[in-house]
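> Coordinates only, no sequence provided:
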């Protein structure tokens, strides 16, 4: 009797193992949506992407509250973690650092549950980026260095080393910035393909951009102009995924480099495409960079007609920068 009862109980347990609220096709569809959103993030207006990200996040969360095999649970946590990374990017691009940090913490918990080293490395990079744009370069450098301890297979290592270089440049750590730039170059030579790509990737164009930012902080205008120009040339290549925010960043670093070198006319020429960027594509990092441009214009060129005109244009432009607004969620 006891043996028969135990057998029936085991059969019931086996039936539990077969119950699932999502199949492989369902998790594959969500993973495909993550890839699509990661690529469209770079070119679509933030508000549009934000709502799509919330929809996928909520779907993954609802499924995780149900029952599924462990392999599908890991996939769902990968989806949720990846979406929270992009939501952290949204918060950063809106200039909402507290919200961005909260999304990054949620992403970290999901990535740990998924056991994905590439995602863990990227999250440390996002946290470093949030700290950098929030005016905390020492923390940004520390977080980037910590992220390099995760054995990522894609370009995350290049991203992290470049983040560290940029932060150390802001700190005035010339030798540390140079070491990080060299480390990024070595990692580029042996990095593999990014599992997701899009906003999770770190193409050569962005590597040049971050190097330009480091050189701008170190007041090396010739090196900064060379790196910013290289970044813009990369973005002209059809094979490079276009990113309106990063391309604007490269142009503004080029503007700063030329102003540092005393080349006002050349700086104004480089500034024009940024000023023509549609209002819905003007993110918070563009505002910060424009603030640096204004500082240099007011400090060195306010006594010229060209300088005063540029000051007026950049001031008006900053008033139209994308500001955080309620999205209903």
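Noted; the coordinates are in hand. Model, not experiment: these values are computed from the prediction. Numbering: from 1, shown residues only.
> quick one, what contacts the residue nearest to residue 223 when sequence neighbours are not counted?
Residue nearest to residue 223 in three dimensions, not counting chain neighbours: residue 215, with 4.2 Å by Cβ to Cβ, 6 or more residues apart in numbering. (C-beta placed from N, C-alpha, C; glycine too.) Going by Cβ atoms under 8 Å, 6 or more residues apart in numbering, residue 215 touches 169, 221, 223-224, 227, 257.
> Could you export the residues you listed as a markdown table, including secondary structure?
Shown next, in a markdown table, are those (DSSP: H, G, I helix; E, B strand; the rest coil):
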| residue | secondary structure |
| --- | --- |
| 169 | helix |
| 221 | helix |
| 223 | helix |
| 224 | helix |
| 227 | helix |
| 257 | helix |
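> Which one (most neighbours) among those residues?
residue 169 (29 neighbours; other Cβ atoms under 10 Å).
> where does that one land on pLDDT?
At residue 169, the model reports a pLDDT of 98.
> do residue 46 as well
85.
> I'd say it and residue 95 touch.
No: when contacts are counted by Cβ atoms under 8 Å, residue 46 is not listed as touching residue 95 (11.1 Å).
> What is the burial count for residue 183?
19.
> Please verify my assumption that it contacts residue 161.
Yes: judged on Cβ under 8 Å, residue 183 makes contact with residue 161 at a distance of 4.4 Å.
> Can you read off the backbone torsions of residue 203?
phi -70, psi 170 (degrees, to the nearest 10).
> quick one: secondary structure of the nearest residue to it once chain neighbours are set aside?
Of all residues beyond its chain neighbours, the one nearest residue 203 is residue 240 (5.6 Å), with distances taken as Cβ to Cβ, 6+ apart. The local conformation at residue 240, judged by three-state DSSP, is coil.
> Residue 240 against residue 202, yeah?
No: between residue 240 and residue 202 no contact is recorded; they are 11.7 Å apart, counting by Cβ under 8 Å.
> More neighbours: which of the two?
Comparing residue 240 with residue 202 by other Cβ under 10 Å, the one with more neighbours is residue 202, at 26 against 16.
> Next one, pLDDT for the more buried one please.
95.
> From residue 89, how far out is it?
With the distance defined as Cβ to Cβ, to the nearest Å, residue 202 ends up 13 Å from residue 89.
> Please apply the same query to residue 137.
In this structure, residue 137 and residue 89 are 19 Å apart, going by Cβ to Cβ.
> higher neighbour count, these two?
residue 89 (25 against 20).
> same for the lengthiest helix in the chain, what does it pack against?
When the chain is parsed with DSSP state H, its longest helix is helix 70-93. Helix 70-93 is packed against helix 24-40, helix 46-64, helix 97-114, helix 117-133, helix 284-300, with contacts defined by 3 or more Cβ pairs under 8 Å, 6 or more residues apart in numbering; DSSP states H and E.
> These: which one's closest to residue 147?
With distances scored as Cβ to Cβ, the stretch of the helices and strands packed on helix 70-93 nearest to residue 147 is helix 117-133 (2.8 Å).
> that older thread, could you dump the helices and strands packed on helix 70-93 into JSON lines and include distance to residue 192?
Putting the helices and strands packed on helix 70-93 into JSON lines (distance: least, Cβ to Cβ, whole Å) gives the following:
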{"stretch": "helix 24-40", "distance to residue 192": "17"}
{"stretch": "helix 46-64", "distance to residue 192": "26"}
{"stretch": "helix 97-114", "distance to residue 192": "18"}
{"stretch": "helix 117-133", "distance to residue 192": "10"}
{"stretch": "helix 284-300", "distance to residue 192": "28"}
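> Which one of those lies nearest to residue 74?
Nearest to residue 74, of the helices and strands packed on helix 70-93 and by Cβ to Cβ, is helix 97-114 at 5.1 Å.
> Centre of the chain to that closest one, how far?
Mean-position distance between helix 97-114 and its chain equals 14 Å (Cα atoms, centre = their mean, to the nearest Å).
> quick one: buried residues of the longest helix of the chain?
Residues of helix 70-93 classed as buried: 72-93 (neighbour count, 16 or more other Cβ atoms under 10 Å).
> Check stretch 293-301 too.
Of the residues in stretch 293-301, 293-294, 296-297, 301 count as buried by neighbour count, 16+ other Cβ under 10 Å.
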